[in-house]
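> Here you go, sequence then predicted model.
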Amino acid sequence: MEHSRLLRHLEDEFTLLRAAIGAADLASRVPSCPEWTAADLAQHVAYVYLHKAECIRLGAFPDPWPPETVHPGSVALLDEMYGALTEQFAAHSPEDHAATWHEPDQTVGFWIRRMTQETVVHRVDAELAAGVAVSPVSADLAFDGVEEMLTLFMGYGSTVWRDDYGTLLDSPDERPVIVSTGHHAWSVAPTPKGVEVREARSGFDGDALVSGDAEPLLLWLWNRGGGDAVRTAGDPALLAQFQALRVAATQ
């Protein structure tokens, strides 16, 4: 997706996030992250924004981290840190250098995409905490999020954060699971070196399939949707292995 469109989505998603935090009881628990209150969620997102703003401003990871100062209000904190992030986005081209955890992509554009998708997921968290209806995710943004989760977190992440996968990759069943949005599909195959994620033909001609529309599939991949949000078919053991890999990738 073009960075200009991602930035428009970021603005829309932040508006929804801010409204939900403002409507929530800040002491209420976040159903999708029960160890957090709504106030914890707001602070987490705010400091994620600030950290990425500093990664762009400094061209390096900020150290020491986190900052010692804490803003007195959650909505005000979100506004301040979102402002710091978008100020850096406005001051740079997507191709400009920024420190990121994705070695092949050390650009501002990486953080534009990542912060937009981060905001989508935590906006849903905030709406759940506030007890309001979960707003729909734009189809193109949801599709981009599915691709990012599979290729970046499961594919790349399984090679650089292998310890997060415990013994799952020691001797995995290497048959691929097909993950499909109907119009696009990916082959997800664990190996001892990491999870290989490749584009695949739409449809089901393998041993296991996970499918759904882009929005419910995205939320399910990030543990924000129930099992009825997607459709599964094929070998139950292979599907169970995929579920375990998904959880490891998103913890």
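Yep, it's here. Numbers count the residues shown, from 1 in each chain.
> got the domain boundaries for the chain?
3-130, 141-250 (automatic domain parsing).
> okay if I get these as TSV plus mean neighbour count and mean pLDDT?
(Glycine included, C-beta is placed from N, CA and C.) Listed next are the domains of the chain as TSV, based on neighbours: other Cβ atoms under 10 Å; pLDDT from 0 to 100:
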stretch	mean neighbour count	mean pLDDT
domain 3-130	18	95
domain 141-250	18	94
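> Helices along the stretch 51-200 of the chain, start to end?
Along the stretch 51-200 of the chain, counting by DSSP state H, counting those that start in this stretch, helices occupy 74-91, 108-130, 139-148, 157-160.
> For this protein, just list every one of the strands.
29-30, 33-37, 177-180, 185-191, 194-200, 208-211, 231-234 (DSSP state E).
> Among those, which comes closest to D163?
strand 194-200 (12.2 Å; Cβ to Cβ).
> I'd like to know which elements that closest one is packed against.
helix 157-160, strand 185-191 (3 or more Cβ pairs under 8 Å, 6 or more residues apart in numbering; DSSP states H and E).
> Adding distance to G73, write these out as JSON lines.
Converted to JSON lines, these look like this (distance: least, Cβ to Cβ, whole Å):
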{"stretch": "helix 157-160", "distance to G73": "34"}
{"stretch": "strand 185-191", "distance to G73": "42"}
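> closest to V137 out of those?
Short answer: strand 185-191, nearest of the helices and strands packed on strand 194-200 by Cβ to Cβ, at 18.5 Å.
> Strand partners (parallel or antiparallel) of that closest one?
strand 177-180 (antiparallel), strand 194-200 (antiparallel) (DSSP bridges).
> Those strands: which one's closest to H3?
Of all the strands paired with strand 185-191, strand 194-200 comes closest under Cβ to Cβ, at 21.9 Å.
> From the geometric centre of the chain, which residue sits farthest away?
D205 (28.2 Å; Cα atoms, centre = their mean).
> Could you list which residues are in contact with that residue?
Counting by Cβ atoms under 8 Å, 6 or more residues apart in numbering, D205 makes contact with I178.
> Straight-line length of stretch 17-35, end to end?
19 Å (Cα to Cα, to the nearest Å).
> List of residues touching it?
So stretch 17-35 is contacted by 36-42, 45, 74-75, 78-79, 82, 119, 122-132, 223-224 (Cβ under 8 Å, 6+ apart).
> try it again with 7 Å
With Cβ atoms under 7 Å, 6 or more residues apart in numbering as the test, stretch 17-35 has contacts from 36-39, 41-42, 45, 74-75, 78, 119, 122-123, 125-130, 132, 223-224.
> same thing with stretch 167-175?
Under Cβ under 7 Å, 6+ apart, the answer for stretch 167-175 is 158, 162, 189-192, 194, 207, 237-238, 241, 244-245, 248.
> go again using 8 Å as the cut-off
Here stretch 167-175 has contacts from 158, 162, 189-195, 206-208, 235, 237-238, 241, 244-245, 248, using Cβ under 8 Å, 6+ apart.
> now could you export just the CA positions of that stretch as CSV?
Listed next in CSV are the C-alpha coordinates belonging to stretch 167-175 (Å, rounded to 0.1, in the frame of the first residue of the first chain):
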residue,chain,number,x,y,z
THR,A,167,10.5,-26.2,20.7
LEU,A,168,7.9,-25.6,17.9
LEU,A,169,10.7,-25.4,15.2
ASP,A,170,12.9,-28.2,16.5
SER,A,171,11.3,-30.9,14.3
PRO,A,172,8.1,-29.4,12.9
ASP,A,173,5.7,-30.9,10.4
GLU,A,174,7.0,-29.0,7.4
ARG,A,175,3.8,-29.3,5.3
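> ok, A38 touching L128?
No: the pair A38 / L128 is not scored as a contact, 9.6 Å apart, by Cβ atoms under 8 Å.
> for the residue lying closest to S135 once chain neighbours are set aside, what are its contacts?
Leaving aside its chain neighbours, S135 sits nearest to L16 (5.3 Å; criterion: Cβ to Cβ, 6 or more residues apart in numbering). Contacts for L16 were tallied using Cβ under 8 Å, 6+ apart; they are 123, 126-127, 135.
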